[in-house]
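> I'd like to go over a predicted model; first the sequence, then the structure.
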Amino acid sequence: MRRLTSLVLALVANAGCGVGDKIYHCDATHGCQNGAQPGVCEPTGYCSFTDLGCVGVPRRYGSAAPDGIARFCVSATGDAGLGDAGPLDGSLDGSMTDAAPPDAMRDGAPIDAAPPSNCWSNLAAGPEHMCAWKSNGTYFCWGNPMNGRLGARQPAGPGQPVQGAAPPSPGSLSLGDEFTCGVASDNDLWCAGGNGAGQLGDGTNMERATSFVKARTSSTATIAGAQRVAAGFDHACTQISGAIYCWGNNDRGQVGLNPGTTTSSLYAVQVAGVTGARGLQAGNHHNCYITDSPAAGSVWCFGRGAEGQLGTTTPADSFTPVRAGTLTGVTRLALGSYGSCALNGSGEVYCWGKNTTGRFGVGDMSNHPTPTKMLGLTVSITRIAVSDDSVCAICTCGNVWCAGSNDRGRLGQPLATTMALMPMQIPAFDGAVDIAAGYHNACITRTNGEIWCWGGNDAGELGRDPAAVAQSATPLRLMGVSCP
């Protein structure tokens, strides 16, 4: 059988924490390699790797180069391109001046120079928009601005981040297809954006493009005591003292009601039989949560299950929660369109559901109706994110690993790599803290407070004008935001 030469079967993943562990001096180009990515031995004697975000010479020094060179773009003479690729104002913090167009900087700032403390609390992703919020409650969103999903605000230009409006001091955010919901510091729950299926939970189908509204349990009562919110495609759920309440579209039982009798709910309704829930997450049309019954750290799911995303041996929809395999000790969950993944206390990743692009990193493209351990990771994982066709993970050492389809560069690999059936490390990139994935892209926060994104940019999900940047397999720094 003829093999597809562009299909990468990354059957052995790189061990360790990448090239940044010590300074490496190269003598020839063949000595520069970061995982599957070949590099170039520059005249300085240090390795660089392809980075289309660099102006002029499309290469950036790796983190194993010495201070003053590491992670700078390479200039035409082979040195660190401070003149044409560094910050326009001459500073090292990468901040933008008002006169600087966003793309003029092209990510030339050094990543690790005098890093500030990371003030980003978390990241959230919808299919076509992203949000990040700080520990002080302010937050920024970027991507598709339609329906007011960018925090009920409109950006100044395509792809530009905009500071969101209410909810005041959000403690968490979750993003659906056309809407955004947040839990405020007082545990009230607010939503804004499209509302055709009642996904804002305010008892109406009215779009809220310029303001947030409080989600409600009835016409006379708003949700109180919300601990977190999880937004699906056009439904949402919240966790309150171990119970779960959901609202919006219920065509597959994702609100916890029988879809044969109730196809949607404009108000939040309590999901029957749920106690002790924590770590609630939502996929397109299903939800999962962690609980300690019948075993500590077990996972339960409900909603659409035809592709195996509920984790049962017989894939089927269920409006009542069912246990996902026999998982125990789970600490985090991440859900995508038709798949689910769990992270346990040992730093291992297990996934189940649709796997036709190999995104579960188990070496095949078969669906897995029950939890299956992601293979090839010799590092402990701290965060996971599930996109439409890929899964990405952050290890304790700050490297990022991804598996699945590399369409639009969503794995952070050169576009010649079309697929990875085992996790591959994003070349020459470290310091990752948190990660979130949309349909065609992913973003991370880093230890120095920067946000970087890669993949498709149809709606500005990379924080760039789609007319100028259609996609990027190389992570691009998000401009127009700062931390602190």
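That came through, no problem. Numbers count the residues shown, from 1 in each chain.

> pLDDT weak spots in the stretch 1-150 of the chain?
For the stretch 1-150 of the chain, the stretches flagged by pLDDT under 70 are 1-22, 35-36, 52-56, 66-72, 75-117.

> and if we set it to 50?
For the stretch 1-150 of the chain, the stretches with pLDDT under 50 are 1-21, 77-116.

> would you confirm that Pro484 contacts Lys134?
Yes - under the criterion of CB atoms under 8 Å, Pro484 makes contact with Lys134 at 7.4 Å. Using the backbone N, CA and C atoms, a C-beta is placed for each residue, glycine as well.

> quickly list what's touching both of these two.
Common contact partners of Pro484 and Lys134 (CB atoms under 8 Å, 6 or more residues apart in numbering): Cys119.

> tell me which of the two has more neighbours.
A count of neighbours by other CB atoms under 10 Å puts Lys134 above the other of Pro484 and Lys134, at 20 against 11.

> got the phi and psi for that one?
Note on Lys134: backbone dihedrals following degrees, to the nearest 10 are phi -100, psi 170.

> so what's it bridging to?
Here Lys134 shows beta-bridge partners Trp120, assigned using DSSP bridges.

> now do the strands in the stretch 101-250 of the chain.
For the stretch 101-250 of the chain, the strands defined by DSSP state E, counting those that start in this stretch occupy 120-125, 129-134, 139-143, 162-163, 170-175, 179-184, 189-193, 208-214, 216-218, 221-222, 228-231, 235-240, 243-249.

> of those strands, which shows the lowest average pLDDT?
Mean pLDDT is lowest for strand 170-175 out of the strands of the stretch 101-250 of the chain, coming in at a mean of 89.

> strands paired with that strand, and their directions?
Paired strands of strand 170-175, with direction, are strand 179-184 (antiparallel) (DSSP bridges).

> quick one: work out the angle between the partner strand and strand 189-193.
Following axes from the mean of the first three to the mean of the last three CA atoms, to 10 degrees, one obtains 160 degrees for the angle between strand 179-184 and strand 189-193.

> could you list the buried residues of strand 179-184?
Under the neighbour-count criterion of 16 or more other CB atoms under 10 Å, strand 179-184 has 179-184 buried.

> got the CA coordinates for that strand in PDB?
C-alpha atoms of strand 179-184 as PDB (Å, rounded to 0.1, in the frame of the first residue of the first chain):
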ATOM      1  CA  PHE A 179     -22.100  34.200  22.700                       C
ATOM      2  CA  THR A 180     -20.000  34.800  25.800                       C
ATOM      3  CA  CYS A 181     -21.000  34.000  29.400                       C
ATOM      4  CA  GLY A 182     -19.100  35.000  32.600                       C
ATOM      5  CA  VAL A 183     -19.400  34.400  36.400                       C
ATOM      6  CA  ALA A 184     -18.800  37.700  38.200                       C
END
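
> how about residues contacting it?
Defining contact as CB under 8 Å, 6+ apart, one finds that strand 179-184 is touched by 124, 126, 129, 131, 139, 141, 147, 149-151, 164, 166-175, 189-195, 199-200, 212, 215, 226-229, 231, 234, 236, 238.

> chain center to that strand, what's the gap?
Offset of strand 179-184 from its chain centre (CA atoms, centre = their mean, to the nearest Å): 17 Å.

> now, among the buried residues of strand 179-184, which is nearest to Trp454?
Thr180 (22.1 Å; CB to CB).

> would you mind measuring from the residue lying closest to Asp51 once chain neighbours are set aside to Cys26?
Using CB to CB, 6 or more residues apart in numbering and skipping the chain neighbours, the partner closest in space to Asp51 is Arg60 (3.9 Å). Distance, Arg60 to Cys26, using CB to CB, to the nearest Å: 15 Å.

> partner residues bridging the closest residue to Phe360 other than its chain neighbours?
Spatial nearest neighbour of Phe360, excluding adjacent residues (CB to CB, 6+ apart): Cys351 at 4.1 Å. Listed beta-bridge partners, Cys351: Cys341, Thr372 (assigned using DSSP bridges).

> neighbours of Cys351, how many?
Neighbours of Cys351 under the rule other CB under 10 Å: 27.

> which ones are touching Pro423?
Neighbouring residues of Pro423 by CB under 8 Å, 6+ apart: 10, 13, 361, 374-377, 391, 393, 401-403.

> pick the one among these closest to Gly409.
Of all these, Cys402 has the smallest distance to Gly409: 10.3 Å, by CB to CB.

> ok, the closest one - contacts?
390-393, 410-413, 420, 423-424, 426, 442 are the contacts of Cys402 under CB under 8 Å, 6+ apart.

> returning to that earlier point: what's the helix or strand for the residue nearest to Asp51?
Per DSSP states H and E, Arg60 falls inside strand 59-61.

> which of the contacts of Pro423 fall in strands?
In this view, the contacts of Pro423 that belong to strands under DSSP state E are 391, 393, 401-403.

> among these, find me the one that's closest to Thr44.
The nearest one, if we look at the ones in strands among the contacts of Pro423 relative to Thr44 and count by CB to CB, is Trp401, at 28.9 Å.

> count the neighbours of the closest one for me.
By other CB under 10 Å, the residues close to Trp401 number 30.

> what are the bridge partners for it, then?
Judged by DSSP bridges, the bridge partners of Trp401 are Ala393, Gln425.

> returning to what we had before: could you dump the contacts of Pro423 into a markdown table and include distance to Cys41?
Below are the contacts of Pro423 laid out as a markdown table (distance: CB to CB, whole Å):
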| residue | distance to Cys41 |
| --- | --- |
| Ala10 | 24 |
| Ala13 | 25 |
| Gly361 | 31 |
| Met374 | 34 |
| Leu375 | 33 |
| Gly376 | 28 |
| Leu377 | 29 |
| Val391 | 33 |
| Ala393 | 30 |
| Trp401 | 26 |
| Cys402 | 27 |
| Ala403 | 30 |
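
> and which of these is nearest to Trp247?
Of all the contacts of Pro423, Trp247 sits closest to Val391, with 28.1 Å by CB to CB.

> tell me the contacts of that closest one?
334, 336, 339, 341, 349, 351, 359-361, 374, 384-385, 402-404, 423.

> from Val469, how far out is the nearest residue to it once chain neighbours are set aside?
Take Val391 and drop its neighbours on the chain: the residue closest to it by CB to CB, 6+ apart is Arg359, 4.7 Å away. The gap separating Arg359 from Val469 is 24 Å, by CB to CB.

> of these two, who's got more company?
Counted by other CB under 10 Å, Arg359 and Val469 do not tie: Arg359 has more neighbours, with 32 against 18.
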